[in-house]
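S.K.: sequence plus predicted model, see below.
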Amino acid sequence: MDAAGSKAAVAVHNHADKDTFLREVYPLRKPAVLKGIYLGACTSKWTVDYLSSAGGSQEVKVHVASVPQMDFINKNFNYRTLPFDVFVKRAAEATHAEYFISEDEKYYLRSLGVDPRKDAADITKQFPSLADDINIPAFFDKEQFFSSVFRISSAGLQLWTHYDVMDNLLIQVTGSKQVVLFSPRDAPYLYLTGDKSEVLDLDTPDLEKYPLFAKAQRYECQLEPGDVLFIPALWFHNTVAKVFGVGVNVFWKHLPADCYNTTDTYGNKDPIAASRAMQILDRALKALDDLPDEYRDFYARRMVLRIQSKSYSKHYK
């Protein structure tokens, strides 16, 4: 079957600086590829050998999958712990002499905080020797900083489609990556379970199972070494590592700090007000269970009309 309906290229800005970002990119609330940003020595230094040596043998928790298309909803991967230097070398290999599942298994690291239950990822704390090599663009105030996430992927690995609740920059340090994004407005077409889409194969989706997916507009870009992708909060994104690659995601709080769940260490828990509203809606829908089918249908439709009458979309472009 064909992929999602229409396609659009993500806007590209050359020689972007903070002023350009804040004036021309950020107010649009759309993804943008930023080129020509000085990222430091990481773009030349972060080879497999250098990462292995500088990162050392500290243990990291990684995803290991027997197939390249990872599915977080159905968990078609395993979590395993490896020394960082061993992980990097394995992730860079096409086939492995040592492996957990199969000799062509794929690896993915999403770095965690010192205590993942309480701490967000911070490359300056987990990988201080490597943090000195990267210059993170200062496009937001220091007090807005939430996390800096180290990401390393085997060639061909595809990350599931999901959204985050904070704005972020995806810095592609080495390797190339294909990114597909969908607007928050297309949420009704993405068959969501929590913050993740059930549709795994974006290029040849099963439109008999997911017919509404054909209505979703797909935004695309390919990140090359040194590129930075701005991903606004709530924009769905899916990535495919074309080759072994290393990136750093930087998240920041663009809403007032008290809007966010204080137990969120990943940046993917809905804001407190949104979470409360969803809980209220769930209770309201459950209350309708006491009525016959035709009444449930009628009052559920009235609830939808009330939500639509708020016309939030007229304030969002």
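M.R.: That came in fine, so what should we check first?
S.K.: residues touching residue 190, list them.
M.R.: With contact set as CB atoms under 8 Å, 6 or more residues apart in numbering, residue 190 has these partners: 161, 182, 197-199, 213, 216, 236. Any C-beta I mention is one placed from the backbone N, CA and C, and that applies to glycine too.
S.K.: pLDDT added to those, as a markdown table?
M.R.: Formatted as a markdown table, the contacts of residue 190 follow (pLDDT from 0 to 100):
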| residue | pLDDT |
| --- | --- |
| 161 | 96 |
| 182 | 97 |
| 197 | 96 |
| 198 | 96 |
| 199 | 96 |
| 213 | 96 |
| 216 | 96 |
| 236 | 97 |
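S.K.: wouldn't residue 118 be in contact with residue 264 here?
M.R.: No - judged on CB atoms under 8 Å, residue 118 makes no contact with residue 264 at a distance of 10.9 Å.
S.K.: show me where the stretch 1-150 of the chain has strands.
M.R.: 7-9, 11-14, 32-35, 59-65, 77-83, 106-110, 145-153 (DSSP state E, counting those that start in this stretch).
S.K.: just to revisit the earlier point, who's more crowded, residue 118 and residue 264?
M.R.: Per other CB atoms under 10 Å, whichever of residue 118 and residue 264 has more neighbours is residue 264, with 17 against 10.
S.K.: confirm that one sits in a helix?
M.R.: No - counting by DSSP: H, G, I helix; E, B strand; the rest coil, residue 264 is not found in a helix; it is coil.
S.K.: looking at the strands of the stretch 1-150 of the chain, which is closest to residue 232?
M.R.: strand 32-35 (9.1 Å; CB to CB).
S.K.: walk me through which strands that closest one pairs with, and which way each runs.
M.R.: Using DSSP bridges, the strands paired with strand 32-35 in its sheet are strand 11-14 (parallel), strand 228-231 (antiparallel).
S.K.: contacts for it, please.
M.R.: So strand 32-35 is contacted by 10-16, 21, 25, 137, 169, 221, 223, 226-230 (CB under 8 Å, 6+ apart).
S.K.: one step back: hey, which of the strands paired with strand 32-35 is tucked in deepest?
M.R.: The highest mean neighbour count among the strands paired with strand 32-35, using mean count of other CB atoms under 10 Å, belongs to strand 228-231: a mean of 24.
S.K.: pLDDT of it, averaged?
M.R.: Averaged across strand 228-231, the pLDDT comes to 98.
S.K.: show me what counts as buried in the next helix or strand after that strand.
M.R.: Downstream of strand 228-231, the first helix or strand assigned by DSSP states H and E is strand 236-241. Buried residues in strand 236-241, counted by 16 or more other CB atoms under 10 Å: 236-241.
S.K.: I'd like the strands of the stretch 1-150 of the chain as JSON lines, with distance to residue 125 and mean pLDDT appended.
M.R.: Formatted as JSON lines, the strands of the stretch 1-150 of the chain follow (distance: least, CB to CB, whole Å; pLDDT from 0 to 100):
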{"stretch": "strand 7-9", "distance to residue 125": "37", "mean pLDDT": "92"}
{"stretch": "strand 11-14", "distance to residue 125": "31", "mean pLDDT": "95"}
{"stretch": "strand 32-35", "distance to residue 125": "26", "mean pLDDT": "97"}
{"stretch": "strand 59-65", "distance to residue 125": "14", "mean pLDDT": "96"}
{"stretch": "strand 77-83", "distance to residue 125": "18", "mean pLDDT": "96"}
{"stretch": "strand 106-110", "distance to residue 125": "15", "mean pLDDT": "97"}
{"stretch": "strand 145-153", "distance to residue 125": "9", "mean pLDDT": "96"}
